[in-house]
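1. Okay, structure incoming, though there's no sequence with it:
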């Protein structure tokens, strides 16, 4: 009997984290789904889930519109969803590394807490945006140069 009690006391929750959406600087968003699961792997209804997202690295180029604060906290949320699944969203991340800390707790105290820590990298600007900006700059420069040489001669009319 004591062996069964020891095995039951050692049971713990687990927490699954899924991130969806495109986390691209100034354009994307973080969409996290955090699911507290019991020892059998099924969602654990009523679990207390706390999630914190931190920006942990210095950013540089193309981010002058956002003031930099070392270890800035993006969000700190806690909930006790009936289905054991917490959804969290954060808009428009700035470039750098982010750390998500999450904890699932059994409110009855029968199961051990579950902790998870994951890192996410947010690139500065997507490659397609850089190529598009360079192409636009080329067309603008060619247009201005053509207009300058056309109007400079004064023989256009």
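-> Happy to help now that I have it. Computed from a prediction, not measured in an experiment: that's the story for all the values here.
2. ranges for the helices of this structure?
-> Along the chain, the segments classed as helices by DSSP state H run 2-9, 127-153.
3. any idea of the mean pLDDT in the longest one?
-> pLDDT averaged over helix 127-153 equals 77, rounded to a whole number.
4. List the contacts of the most centrally placed residue in the chain.
-> Most central residue of the chain, judged by C-alpha distance to the mean C-alpha position with C-alpha atoms, centre = their mean, is residue 30 at 3.6 Å. Applying C-beta atoms under 8 Å, 6 or more residues apart in numbering to residue 30 gives the contacts 19, 21, 23, 53, 74, 88-90, 93, 98, 120. C-beta here means a position set from N, CA and C on the backbone, and glycine is covered the same way.
5. tally of neighbours for the nearest residue to residue 50 once chain neighbours are set aside?
-> Leaving aside its sequence neighbours, residue 50 sits nearest to residue 78 (C-beta to C-beta, 6 or more residues apart in numbering; 4.3 Å). Under the neighbour criterion other C-beta atoms under 10 Å, residue 78 is assigned a count of 12.
6. Surely residue 78 touches residue 47?
-> No. Taking contact to mean C-beta atoms under 8 Å, the distance of 11.1 Å between residue 78 and residue 47 leaves them out of contact.
7. ok, the closest residue to residue 98 other than its chain neighbours - contacts?
-> Beyond its immediate neighbours in the sequence, the residue positioned closest to residue 98 (C-beta to C-beta, 6+ apart) is residue 120, lying 4.6 Å away. Applying C-beta under 8 Å, 6+ apart to residue 120 gives the contacts 19, 23, 30, 97-100.
8. Check residue 120 and give its pLDDT.
-> Model confidence at residue 120, expressed as pLDDT, equals 85.
9. Could you list the domains of the protein?
-> Taking automatic domain parsing as the domain assignment, the ranges for the chain are 2-124, 126-157.
10. Against residue 91, how distant is residue 28?
-> 9 Å (C-beta to C-beta, to the nearest Å).
11. Lovely, talk soon.
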